[in-house]
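In: Okay, structure incoming, though there's no sequence with it:
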């Protein structure tokens, strides 16, 4: 398993002075980071450890431009995208009664994505 510096070296810097990818290249960057994140956190059960992964944090750093990719991935694969979605959007669309119920949490976020034009 790679060390955190090696993982971080494979992620993309998203400092303000770094050019951001557009269109298809943004999707490719997202897909690469999401793949690394899934591969390296698949055995973890702690949501905080999963969300702290450098590739996940790089996706959050992409900001709003990552939302279509996140929602597409959430629709296709499910997964732990809720920390990123809340960090990027500032929204919390999950009703209290759905807390801890994965299917309902996923549906609440997907509905939010549809309502805001990020997913179909």
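Out: Great, that's in hand. These numbers were taken from a predicted model, which means no experiment stands behind them.

In: where does the chain have low pLDDT?
Out: Within the chain, the stretches falling below the threshold (pLDDT under 70) are 1-23.

In: For it, which segments are assigned as helices?
Out: 4-10, 23-41, 47-52, 54-62, 67-77, 82-89, 102-115 (DSSP state H).

In: Please work out which of those is packed deepest.
Out: Mean neighbour count, computed with mean count of other Cβ atoms under 10 Å, is highest for helix 54-62 among those, reaching a mean of 21. Where C-beta positions appear, they are placed from N, C-alpha and C, glycine not excepted.

In: Now do that one and helix 23-41, the angle between them.
Out: Between helix 54-62 and helix 23-41, the angle comes out at 150 degrees (axes from the mean of the first three to the mean of the last three Cα atoms, to 10 degrees).

In: Could I get the contacting residues of the residue lying farthest from the centre of the chain?
Out: In terms of distance from the mean C-alpha position of the chain, residue 97 ranks first, at 23.6 Å (Cα atoms, centre = their mean). Residues near residue 97 by Cβ atoms under 8 Å, 6 or more residues apart in numbering: residue 104.

In: From residue 115, how far off is it?
Out: Remark: distance between residue 97 and residue 115 (Cβ to Cβ, to the nearest Å) = 19 Å.

In: what's residue 92 sitting at in phi/psi?
Out: Comment: the main-chain dihedrals of residue 92 come out as phi -150, psi 80, following degrees, to the nearest 10.
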